[in-house]
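Student: Next come a sequence and a model predicted from it.
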Amino acid sequence: MIATPIGNLKEMTPYALEVLNSINYIFCEDTRNTKALLLKFDIHKECFSLREHNETSMTNKVLSFLEEGKNVAYMSDAGYPGISDPGKILVKKVREAGYSVTTISGSNAMLSALVSSSRDSDHFYFHGFLPAQEGKAIEELELIKDKKETLIFYEAPHRINKTLKLLLNVLGDREATIARELTKLNEEFIEGKLSELCEIDGSTLIGEMVILVDGNKEEIKVGDEEIIERANYLLDKNIRTKDVAEIIAYEFKVNKNYVYDLIIHHQK
Ligand code: SAM
């Protein structure tokens with residue numbers, strides 16, 4: 001599995017080129033794009049297309065080459081294969097057949113966006129593309145809106161404004177980053193509240209983009225009385241005090257020891 005540049009050709013690593021030069025067969029998402037890329041590095045090899053609509057059948061072709069003892073490389077149009085790109089079925093089937101799979105590292109849009117943004121990079125959640133259908137996109141956002149981690153989305157330029165508005169409506173007015181045209185001449189990081197990003201003239205947001213949004217930073221405000229009421233309810237169900245404290249700490253996003261002490265104190 002070979003990562004390819006997301007913009008700047010210099011992201012193609014010497015290791016990737018060495019492997020591509022020595023490999024028996026190259027499978028790729030779009031043969032025109034991959035051949036054009038390989039030509040820039042003076043690599044002339046036959047490429048087979050393996051993409052979403054033929055991933056299962058072409059995987060069988062890969063397996064037949066592997067059975068003959070050949071080596072096969074797979075690369076998508078940009079970044080890592082398998083990350084919002086084809087490749088997952090291939091890897092699963094190849095592993096199931098008992099062959100080894102390895103990754104030749106390189107560029108990836110989500111990580112390049114994250115590490116140079118102001119968003120928290122200790123904990124993050126990659127969602128990729130939201131569904132084009134608004135109702136489905138809202139459903140998916142509702143499921144992840146309480147996550148504390150930085151949320152990362154891929155988006156196409158023609159949908160960026162619509163998606164920013166959707167994010168604002170479902171997640172609230174959080175701090176966010178648009179990372180645009182990464183590694184290219186016009187690379188740009190635009191940061192601000194989602195409401196501010198929604199105000200940007202859509203015609204200026206061209207090229208490829210990653211959207212990063214702060215996780216949910218709202219503290220659930222809960223009083224001692226509410227904690228004790230919930231604790232009594234759980235204790236009546238014969239759940240151990242230690243476990244009750246843990247459950248309540250999770251439910252109300254409060255410190256476990258604080259809850260435990262409160263229960264013990266109240267029981268005296
Ligand atoms: N496999 C790729 C990876 O590892 O990042 C992702 C491929 S996905 C089909 C394409 C999406 O990745 C774009 O719509 C955009 O959201 C993001 N992307 C790719 N290249 C980018 C770039 N140079 N700058 C910003 N975003 C990029």
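Tutor: Yep, it's here.

Student: Please tell me how far the residue nearest to Phe252 when sequence neighbours are not counted sits from the ligand.
Tutor: Of all residues not flanking Phe252 in the chain, Val222 sits nearest, at 4.4 Å (C-beta to C-beta, 6 or more residues apart in numbering). Using the backbone N, CA and C atoms, a C-beta is placed for each residue, glycine as well. Look at Val222 and the ligand: by C-beta to the nearest ligand atom, to the nearest Å, they are 38 Å apart.

Student: Equivalent analysis for Gln267, please.
Tutor: Relative to the ligand, and taking C-beta to the nearest ligand atom, Gln267 is found at 54 Å.

Student: need the contact list for the closest residue to that residue other than its chain neighbours.
Tutor: Closest residue to Gln267 apart from its sequence neighbours, by C-beta to C-beta, 6+ apart: Thr241 at 8.0 Å. Thr241 makes contact with 235, 260, 263-264, 267, according to C-beta atoms under 8 Å, 6 or more residues apart in numbering.

Student: which one of those residues has the most neighbours?
Tutor: With neighbours defined as other C-beta atoms under 10 Å, the most crowded of those is Ile263; it has 21 neighbours.

Student: Hmm, it is touching Ile247, no?
Tutor: No. When contacts are counted by C-beta atoms under 8 Å, Ile263 is not listed as touching Ile247 (11.3 Å).

Student: distance of the spatially most central residue of the chain from Phe27?
Tutor: Nearest to the mean C-alpha position of the chain, counting by C-alpha atoms, centre = their mean, stands Phe126 at 2.4 Å. Phe126 sits 24 Å away from Phe27, going by C-beta to C-beta, to the nearest Å.

Student: same check, this time on Ser64
Tutor: 12 Å.

Student: Quick check on these two: which one has the bigger neighbour count.
Tutor: Remark: of Ser64 and Phe27, Phe27 carries more neighbours, 25 against 10, as counted by other C-beta under 10 Å.

Student: which residue sits closest to the more buried one, ignoring its sequence neighbours?
Tutor: Per C-beta to C-beta, 6+ apart, closest to Phe27 is Leu50, 4.4 Å.

Student: and what of Asp146?
Tutor: Using C-beta to C-beta, 6+ apart, the closest residue to Asp146 is Asn216 (5.2 Å).

Student: Please name the residues that touch that neighbour.
Tutor: Taking C-beta under 8 Å, 6+ apart, one finds 145-148, 171 in contact with Asn216.

Student: Need the pLDDT of Lys268.
Tutor: For Lys268, the model assigns a pLDDT of 58.

Student: wait, Ser203
Tutor: 86.

Student: and it, that's in a helix?
Tutor: Yes. Assessed by DSSP: H, G, I helix; E, B strand; the rest coil, Ser203 belongs to a helix.

Student: What distance do you get for it to the ligand?
Tutor: Ser203 is 18 Å from the ligand, by C-beta to the nearest ligand atom.

Student: That residue - how many residues pack around it?
Tutor: Ser203: 8 neighbours (other C-beta under 10 Å).

Student: Next: Ile178.
Tutor: 21.

Student: now do Met1
Tutor: Neighbours of Met1 (other C-beta under 10 Å): 18.

Student: need the contact list for it.
Tutor: 73-75, 80-82, 87, 91, 101-104.

Student: Look up how far Arg180 lies from it.
Tutor: Met1 is 26 Å from Arg180, by C-beta to C-beta.

Student: With Leu205 instead?
Tutor: Taken as C-beta to C-beta, the span from Leu205 to Arg180 is 7 Å.

Student: the more surrounded of the two?
Tutor: Arg180 (22 against 19).

Student: Just give the closest residue to that one, not the sequence neighbours.
Tutor: Glu188 (4.6 Å).
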